[in-house]
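Chemist: compute the structure for the input listed below.
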Amino acid sequence: MTDTVETWFDQPLLFTIAERHVRGRFVRLGPTLNTIIGAHDYPPVAEKLLAEALVLTVLLGSTLKDENGQLTLQAQTGGGPVELLVCDYRAGELRGYLKFDAERLAEVGPDPTLFALFGEGFLAITFDQSTTAERYQGIVPLEGSSIGEAAEHYFEQSEQIPSLIRLAARHDHEAGCVAGGLLLQHLPEGEVGRDRLHTRHDHPEWEHARTIAATLKDEELTDPAHSLETLAWRLFHEDEVRVDPGVPVTRGCRCSTEYFAGVLAQFPAAERQDMADDAGQIVVDCAFCSRIFPIPLDGISSAD
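Modeler: Reported below is the predicted structural model:
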């Protein structure tokens, strides 16, 4: 592994093991994560779920080749106490929100299954490419013990890429919420005469890398005493590993008075009048950052 500045919080570490046709990325979220979840009073179960979903969003979003592309992760719930889970990533900007029934969520216990949280739910993963205006979406059942397992099913079914995803989150009384994750994937080799990967999920190179990566402990992913480079070295020190820093992650709620005024301008004047309160303002509540924006009617440029 080549020398590099060590990576700790809020920046993915991308790595490649060329000889085994494996790529991956680590990320550990801390300050940015706490800024996002700090806008809401989430109970422990909800905080952990959203923290892991935000880590997964960064892991998937950092695979985008389009710098201005967007990755959206959204749970379509089916009767569970979690009513809405949505996260998105664009050019390092991250945001996420969780809506739930507090009374029902309190009944599921400290370590619920995905079914207990979502019911018969589904996970939608959407890649939007800004340069080509193309959109790719995969939808898989929310099954298994974690949202990471559901995402593994997405790669297996939609992308036909063998993948391993590990997610972990914990609450530290001093540091707040800390969450980390690993995405490991086996990529096509492109050699004439070799079997395609979607028919070789048992490829020995992949099985070797997956077995090693599976030894990673949750405590290592969330332990700030170990850099992400240290984790990569601990797992894959027998191989030549190339590491590169990813785009730093920041809270990316894109709400503003100007943005909402632009959206409201698309509505007919009569509808805007019906939305307004007695003070002549339309009050918009951003669920992501829990901020309220009063938009004066006379400050909206009419689209009529």
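
Chemist: so I125, which of the three states?
Modeler: Of the three states, I125 takes strand under DSSP: H, G, I helix; E, B strand; the rest coil.

Chemist: who's in contact with it?
Modeler: For I125, the contacting residues are L60, L71, T72, L73, Q137, G138, I139, V140, A151, Y154, S158, taking CB atoms under 8 Å, 6 or more residues apart in numbering as the criterion. Using the backbone N, CA and C atoms, a C-beta is placed for each residue, glycine as well.

Chemist: touching the helix or strand where the third one lies from outside, list them.
Modeler: Read it as T72. With elements taken from DSSP states H and E, the one containing T72 is strand 70-76. When contacts are taken as CB under 8 Å, 6+ apart, the neighbours of strand 70-76 outside the stretch itself are 53, 56-57, 60-61, 64, 82, 84-90, 118, 121-128, 130, 139, 142, 147.

Chemist: on that earlier part again, show me the contacts of I125 that map onto strands.
Modeler: Where the contacts of I125 overlap with strands, as defined by DSSP state E, the overlap consists of L71, T72, L73, Q137, G138, I139, V140.

Chemist: nearest to E47 among the contacts of I125?
Modeler: Comparing the contacts of I125 against E47 with CB to CB picks out L73 as the nearest, at 16.7 Å.

Chemist: just give me the neighbour total for the closest one.
Modeler: Applying other CB atoms under 10 Å, we find 22 other residues in the vicinity of L73.

Chemist: in terms of pLDDT, where does it sit?
Modeler: On pLDDT, L73 comes in at 96.

Chemist: for the most centrally placed residue in the chain, what are its contacts?
Modeler: The centroid of the chain falls nearest to T57 when counting by CA atoms, centre = their mean (1.4 Å). Contact analysis of T57 by CB under 8 Å, 6+ apart lists L71, L73, C87, D88, Y89, L94, G96.

Chemist: can you lay out those residues as a markdown table showing distance to P31 and secondary structure?
Modeler: Supplementary listing: those in a markdown table, determined by distance: CB to CB, whole Å; DSSP: H, G, I helix; E, B strand; the rest coil:
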| residue | distance to P31 | secondary structure |
| --- | --- | --- |
| L71 | 21 | strand |
| L73 | 21 | strand |
| C87 | 17 | strand |
| D88 | 19 | strand |
| Y89 | 17 | strand |
| L94 | 12 | strand |
| G96 | 15 | strand |
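
Chemist: relative to C177, which of the residues you listed is nearest.
Modeler: Compare each of the contacts of T57 with C177 using CB to CB and the shortest gap goes to G96, at 12.1 Å.

Chemist: that closest one: neighbour count?
Modeler: Burial measure for G96: 22 neighbouring residues, criterion other CB under 10 Å.

Chemist: what about L85, which SS state?
Modeler: Secondary structure state of L85, per three-state DSSP, is strand.

Chemist: repeat for L231
Modeler: Put simply, L231 is helix when judged by three-state DSSP.

Chemist: from T211, how far out is it?
Modeler: 16 Å (CB to CB, to the nearest Å).

Chemist: F15 too?
Modeler: Shown here: F15 relative to T211, a distance of 17 Å by CB to CB.

Chemist: looking at those two, which is more packed in?
Modeler: Looking at F15 and T211 with other CB under 10 Å, you find the greater number of neighbours at F15, namely 24 against 10.

Chemist: nearest spatial neighbour of that one, chain-adjacent residues omitted?
Modeler: For F15, ignoring the flanking residues on the chain, the nearest one in space by CB to CB, 6 or more residues apart in numbering is V243 at 4.7 Å.

Chemist: now the helices for the stretch 51-200 of the chain?
Modeler: Under the criterion DSSP state H, counting those that start in this stretch, helices of the stretch 51-200 of the chain are mapped to 102-105, 114-118, 147-154.

Chemist: possible to save those helices as JSON lines with distance to Q266 and mean neighbour count?
Modeler: Converted to JSON lines, these look like this (distance: least, CB to CB, whole Å; neighbours: other CB atoms under 10 Å):
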{"stretch": "helix 102-105", "distance to Q266": "34", "mean neighbour count": "14"}
{"stretch": "helix 114-118", "distance to Q266": "32", "mean neighbour count": "21"}
{"stretch": "helix 147-154", "distance to Q266": "33", "mean neighbour count": "21"}
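
Chemist: TSV for these, including distance to Q11 and mean pLDDT?
Modeler: Below are those laid out as TSV (distance: least, CB to CB, whole Å; pLDDT from 0 to 100):
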stretch	distance to Q11	mean pLDDT
helix 102-105	32	95
helix 114-118	28	93
helix 147-154	20	91
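
Chemist: ok, which of these comes nearest R28?
Modeler: Proximity of those to R28 was assessed by CB to CB; the nearest stretch is helix 147-154, lying at 15.0 Å.

Chemist: which stretches of the stretch 201-304 of the chain form strands?
Modeler: Listed in chain order, the strands of the stretch 201-304 of the chain (DSSP state E, counting those that start in this stretch) span residues 242-245, 250-251, 281-286, 291-296.
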